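Enquirer: sequence and predicted model, in that order:
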Amino acid sequence: MSDVDAARAFYGGVIGLGVEDSMGGLRLALPSGQGVFVYPKDEHEPASFTILNFVVPDIGAAVDDLNAAGVVTKIYDEPHSFGTDERGIAWGSRSGQGPDICWFRDPAGNVLSIIGA
């Protein structure tokens, strides 16, 4: 991450995680009770893979909430890219291809996802 304030606002305000300042970075409290430490890095380059997955009871409602907060959830547009719909949801349960999942990016450009329970 390159901007601690943007990360704090996103993970705390938009995603709804507990966020604490810690050693120049942030400690994120995950719903499981576990913690993740994120820290600033000069010349940060976003991960090219999903770094965090969040399980949600209703993926459609969660996507609507993210979109209402200004988060773009349609990040894969290529025809071969997971068969996402207009909101960015890949309905794996409908096709027998896995879970329902939707990807989005944090302010640093890292890919996150929500997965329907």
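Expert: Thanks, I have it. As the structure is a prediction and not an experimental result, all values here were calculated from the model.

Enquirer: which is the next helix or strand following the worst-scoring helix or strand of the chain on mean pLDDT?
Expert: Taking mean pLDDT, DSSP states H and E as the measure, helix 92-95 is the helix or strand of the chain with the lowest mean score, a mean of 82. Sequence-wise, the next helix or strand downstream of helix 92-95 (DSSP states H and E) is strand 100-105.

Enquirer: quick one: average pLDDT of that next one?
Expert: Taken as a whole, strand 100-105 has an average pLDDT of 95.

Enquirer: for this structure, what are the low-confidence residue spans?
Expert: Confidence mapping of the chain against pLDDT under 70 gives the ranges 78-82.

Enquirer: give the buried residues for the longest helix anywhere in it.
Expert: As assigned by DSSP state H, the longest helix anywhere in the chain is helix 59-68. Neighbour-count burial for helix 59-68, counted by 16 or more other Cβ atoms under 10 Å, picks out 59, 62-63, 65-66. For the C-beta atoms, the positions are set from N, CA and C on the backbone; glycine is no exception.

Enquirer: how far off centre is that helix?
Expert: Distance of helix 59-68 from the chain centroid (Cα atoms, centre = their mean, to the nearest Å) equals 12 Å.

Enquirer: quick one: residues in contact with it.
Expert: 14, 56, 73, 87-89, 100-102, 104, 114-116 (Cβ atoms under 8 Å, 6 or more residues apart in numbering).

Enquirer: torsion angles phi and psi at Pro57?
Expert: Main-chain dihedrals, Pro57, degrees, to the nearest 10: phi -70, psi -30.

Enquirer: that one contacts Asp100, correct?
Expert: No - contact status for Pro57 versus Asp100: not in contact, 11.3 Å apart, counting by Cβ atoms under 8 Å.

Enquirer: overlap of the contact sets of those two?
Expert: Counting by Cβ under 8 Å, 6+ apart, the shared contacts of Pro57 and Asp100 are Gly116.

Enquirer: between those two, which is the more surrounded one?
Expert: Asp100 (19 against 8; other Cβ atoms under 10 Å).

Enquirer: who's in contact with the residue nearest the centre of the chain?
Expert: By Cα atoms, centre = their mean, the chain has its centre lying nearest to Leu112, at 3.0 Å. Going by Cβ under 8 Å, 6+ apart, Leu112 touches 50-54, 103-106.
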